[in-house]
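In: sequence unknown, structure follows:
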C-alpha cells in the first residue's frame, strides 16, 4: 500500500501546480465511474455539481472530482477535466455523446502568491492528463499549493498548509482513502495527541495562539474574518455503496475534520467532502463511515506535515 487515496482501486490523482503564483488544482479520477455523495458543512462554500450528488437526483456516478485553488474562479478547472474525459469518451451517455460528471470544490488562496493567477480549464486538463495511480506528491502541490491555516489574526499570522492523503484497510479487502487540501480558518491538530501542528501564530512571541481558545475568550466578541478559507476533500472506497450510503460516508467523514481542525465549519469556511464508491466489495456503511473519519483526520495531519514554507509563511516543519 501507498497509504494514500490511490490505494482504492479505480482511483487516480493528478495535480497542476504553479509554485510561483502559489495556486493549483487536483483531479481525483475515477474513469470507470464511481457512485458519488457529498456533504457541505462550511458556511462559505464554492462548489459545482453538488446537487447532482444528492440521493433524489438521476445521475448516480461521477467520473472525476476537482479540488482547486483560485476561489470561485477555480471552478473553471472542472471544464478542462471534462474536456479530457470527453476526448476519452468517458461520461454519462446522452445518446449523442457523453457528458462527463465532474463535481468540484474550491478554496480561497488569493491572499498568498499572485491573486491574478487562478487554475483555469487548461490547468484542469493538465491535472487530469497527469493523473496516476500509486505514490503522488503531497504538501505544496495541486489544490494545496496556496493553502494556509490559522487566520484569526489575519493572513500574516497564518501558517502554511497543503494537501495530504491517507488510507487504511478494514475487514476483508475493503480500502478507504482520503485526500484533502486544508485551508482552514482554524488550527490543525494532531488527531492522536491534540497538539497544534499549524495555525494562528502569536505575534512576536512565537508558538501558536490556539484559535479556538482565543475565540472563547474576550476576542470572541470581535472575531474578524471573511470567506477566505475552506477545507475541501474526497473520501473513496472500493466497498459497494448506494448513493444514500455515499452521502452518509461523506457526512461522517466531516468527523475527521473535527478531530484535526479547531474550530471547524465556521462562518468563514466552506468545508466540503465528496465520497466515491468504486467497487463491489460488501461492507457495512457505518464501518466505512467510521474509517472515512479516521483517514480524513490523518490526511489533514499529513497536509500540515508535508507542507513547506512559502509566500512568507512558515510551515509546521520549520516551526517545530
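Out: Arrived safely, thanks for sending. Remember, it's a predicted structure, so these values are computed and weren't measured experimentally. Residues are numbered from 1 along each chain as shown.

In: for the rest of this, base every contact and every neighbour count on C-alpha atoms.
Out: Will do.

In: for the stretch 1-150 of the chain, give me the ranges with low pLDDT.
Out: Residues of the stretch 1-150 of the chain meeting the criterion pLDDT under 70: none.

In: and residue 262, how close does it get to residue 99?
Out: For residue 262, the distance to residue 99 (Cα to Cα, to the nearest Å) stands at 39 Å.

In: those two: which has the busier surroundings?
Out: residue 262 (23 against 18; other Cα atoms under 10 Å).

In: and residue 24, which of the three is it?
Out: Here residue 24 is recorded as strand under DSSP: H, G, I helix; E, B strand; the rest coil.

In: distance of it from residue 127?
Out: 9 Å.

In: so what sits against both of these two?
Out: Shared contacts of residue 24 and residue 127, defined by Cα atoms under 8 Å, 6 or more residues apart in numbering, are found at 15, 16.

In: who's more crowded, the two?
Out: For residue 24 versus residue 127, neighbours defined as other Cα under 10 Å are more numerous around residue 24 (32 against 28).

In: distance of that one relative to residue 65?
Out: 14 Å.

In: what about the strands in the stretch 1-150 of the chain?
Out: With strands called from DSSP state E, counting those that start in this stretch, the stretch 1-150 of the chain shows them at 12-18, 23-40, 47-48, 61-68, 92-93, 98-99, 104-106, 148-149.

In: now do the longest one against strand 12-18, angle only.
Out: When you say that, I think you mean strand 23-40. Relative orientation of strand 23-40 versus strand 12-18 (axes from the mean of the first three to the mean of the last three Cα atoms, to 10 degrees): 130 degrees.

In: now strand 23-40: buried residues?
Out: By neighbour count with 16 or more other Cα atoms under 10 Å, strand 23-40 contains the buried residues 23-31, 33-40.

In: in its sheet, what does that strand sit against?
Out: Applying DSSP bridges, strand 23-40 is found paired with strand 12-18 (antiparallel), strand 61-68 (antiparallel), strand 272-281 (antiparallel).

In: okay, now the unreliable bits of the stretch 201-320 of the chain?
Out: In the stretch 201-320 of the chain (pLDDT under 70), the answer is 218-227, 320.

In: quick one: which of the strands of the stretch 1-150 of the chain is nearest residue 292?
Out: Residue 292 lies closest, by Cα to Cα, to one member of the strands of the stretch 1-150 of the chain: strand 23-40, at 13.0 Å.

In: and that closest one, how far out from the chain's middle?
Out: Centroid displacement of strand 23-40 relative to its chain, using Cα atoms, centre = their mean, to the nearest Å, is 10 Å.

In: would JSON lines of the strands of the stretch 1-150 of the chain with distance to residue 191 be doable?
Out: Shown next, in JSON lines, are these (distance: least, Cα to Cα, whole Å):
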{"stretch": "strand 12-18", "distance to residue 191": "25"}
{"stretch": "strand 23-40", "distance to residue 191": "21"}
{"stretch": "strand 47-48", "distance to residue 191": "27"}
{"stretch": "strand 61-68", "distance to residue 191": "23"}
{"stretch": "strand 92-93", "distance to residue 191": "39"}
{"stretch": "strand 98-99", "distance to residue 191": "40"}
{"stretch": "strand 104-106", "distance to residue 191": "24"}
{"stretch": "strand 148-149", "distance to residue 191": "16"}
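
In: any idea which of those gets closest to residue 54?
Out: With Cα to Cα as the measure, strand 23-40 is the member of the strands of the stretch 1-150 of the chain nearest residue 54 (6.4 Å).

In: list the contacts for residue 109?
Out: By Cα under 8 Å, 6+ apart, residue 109 lies in contact with 22, 23, 69, 70, 71, 115, 146, 147, 148, 183, 228, 229.

In: got the phi/psi numbers for it?
Out: Residue 109 has phi and psi values of phi -130, psi 20 when expressed as degrees, to the nearest 10.

In: against residue 253, how distant is it?
Out: 23 Å.

In: distance from the chain centre to the helix or strand encompassing residue 180, please.
Out: Using DSSP states H and E, residue 180 sits within strand 174-182. Its chain's average C-alpha position is 9 Å from that of strand 174-182, according to Cα atoms, centre = their mean.

In: pLDDT of it, averaged?
Out: Regarding strand 174-182, the rounded mean pLDDT is 98.

In: which strands or helices does that strand pack on?
Out: Contact partners of strand 174-182 among helices and strands, from 3 or more Cα pairs under 8 Å, 6 or more residues apart in numbering; DSSP states H and E: strand 163-170, strand 231-239, helix 285-306.

In: just want the most central residue of this protein.
Out: Central residue of the chain (Cα atoms, centre = their mean): residue 233, 2.4 Å from the mean position.

In: ok, it touching residue 177?
Out: No: using Cα atoms under 8 Å, residue 233 makes no contact with residue 177, being 10.7 Å away.

In: quick one: residues in contact with stretch 48-67.
Out: Outside stretch 48-67, the residues within contact range by Cα under 8 Å, 6+ apart are 25-38, 75, 77-78, 81, 90-91, 100-106, 124, 143, 181, 232-234, 243-244, 247, 274, 276.
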